[in-house]
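[1] Next come a sequence and a model predicted from it.
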Amino acid sequence: MRFVVILIIWITLPAMILAQYGFEYRQKLGFLIAHRSLMDHLPEAPAVAGEFSVVYQTQHEKSWHSAYRQPLVGATLFYGSVGNNSILGKFMGLYGSVELPIIKYKAYRMDFRFGTGVGYTNRPFDPILNPQNVAIGSKINAMMCFAFKQSLRFANQGITLGIDMTHFSNASFQMPNLGINVPYISLGVQHYFKQTNSSLQKELSNKGPVSYGISGIFSAKEMRPVGVGRYPVYAMNFFGRRYFTPKFALEASLDIIYKKGLLSHPSYPNASPFDPLQIGFFIGYVQPFDRLHFIYGVGTYLRDVLRPDVPVYIRLGSRYALTSKLEAMMTLKTHFAKADYMEFGLMYHLNQ
């Protein structure tokens, strides 16, 4: 939790220096989606939550501000229910977000909002105390939020209306992990403070149109059935990235993955030491925000002897440039709606 708080402050602090800033409170009402038959017993009541955000209205101090038409950047505290307090518990969350303008007309704007961070529940799965929670096996989970939000400003005040999708998952770090998906509608109020006098800030040097390098990844994964145990996941990839515009790049990579837990899994009693080795080809869309990059993409396995999952995987998450050559990554790898593992690692650009 402490690392995520520091990361969110690290990402949003430069915007606070450069921009008009304010606060927003949103009241949210939604329902839990039972996306697996095993979860049919979980939706019990409406999901009610509140969010308090510190938001920063970027201006033109950096090139990406203009490229994205002055987006909002913020940090949000979430608290509330996901539709079943007795089994799933109450949730808290902290995440950073970006709001990209779709429509801007006078005092009205419509934004696409997305954010990632960390969530906490007080009622995870327990084989004795809470065996009915088949959705979440750990207290600490990743949190993602996607929304379409409308706002109307009156001087320094504003009102908002939004439609959100909120997701909690531990990326198979601890079973069970079917995940929680809750669509919400929200009503909110905003207050902005007087515009500050800002100075131009130094940007990270722009990378060339083509960048390539190598990355190293470490994670851990617990597999079904519950009780098999948690084992490390080692991975690396060779990647190439091409920047087409200040807000669009494509990335392709050759992924090499080794899941040690497959050697001890009861489904593969005769597995050889090299059988868990997977090789995949991935291509993704990269959305740069100066040092912060978001990535969304799909890959397929070229080598997959044991075939523990479907042959197609999805990767989404973020990278942060520590220097012009080195990026820290935190991305989620999934097989459609089923989380595989969370990727933590470093990316090194060989030609920067």
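    All right, it came through fine.

[2] now the strands for the stretch 251-352 of the chain?
    Ranges of strands in the stretch 251-352 of the chain, per DSSP state E, counting those that start in this stretch, are 277-289, 292-304, 312-321, 326-335, 338-349.

[3] can I see the domain layout of this structure?
    Domain assignment for the chain, taken from automatic domain parsing, gives 2-192, 210-349.

[4] will you turn the strands of the stretch 251-352 of the chain into a markdown table that also has distance to Y231 and mean neighbour count?
    Bear in mind the C-beta positions are built from the backbone N, C-alpha and C, glycine included. Listed next are these as a markdown table, based on distance: least, C-beta to C-beta, whole Å; neighbours: other C-beta atoms under 10 Å:
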| stretch | distance to Y231 | mean neighbour count |
| --- | --- | --- |
| strand 277-289 | 14 | 19 |
| strand 292-304 | 18 | 17 |
| strand 312-321 | 18 | 19 |
| strand 326-335 | 15 | 19 |
| strand 338-349 | 10 | 19 |
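
[5] Let's have those strands in CSV, adding distance to F114 and mean pLDDT.
    Output for these, formatted as CSV (distance: least, C-beta to C-beta, whole Å; pLDDT from 0 to 100):
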stretch, distance to F114, mean pLDDT
strand 277-289, 9, 96
strand 292-304, 8, 96
strand 312-321, 10, 94
strand 326-335, 13, 94
strand 338-349, 18, 93
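
[6] can you tell me which of those strands comes nearest to F125?
    Between F125 and these, the tightest spacing by C-beta to C-beta is seen for strand 338-349, at 14.8 Å.

[7] Direction included, what does the closest one pair up with?
    Here strand 338-349 is paired, per DSSP bridges, with strand 210-222 (antiparallel), strand 326-335 (antiparallel).

[8] quick one: low-confidence parts of the stretch 151-300 of the chain?
    194-207, 225-228 (pLDDT under 70).

[9] Can you show me the helices along it?
    For the stretch 151-300 of the chain, applying DSSP state H, counting those that start in this stretch gives no helices.

[10] E61: which of the strands paired with strand 338-349 is closest?
    Closest of the strands paired with strand 338-349 to E61 is strand 326-335, at 22.7 Å (criterion: C-beta to C-beta).

[11] Just want the angle from that closest one to strand 312-321.
    160 degrees (axes from the mean of the first three to the mean of the last three C-alpha atoms, to 10 degrees).

[12] quick one: furthest residue from the center of this structure?
    N270 (36.6 Å; C-alpha atoms, centre = their mean).

[13] and of the strands of the stretch 251-352 of the chain, who's closest to A147?
    strand 292-304 (15.0 Å).
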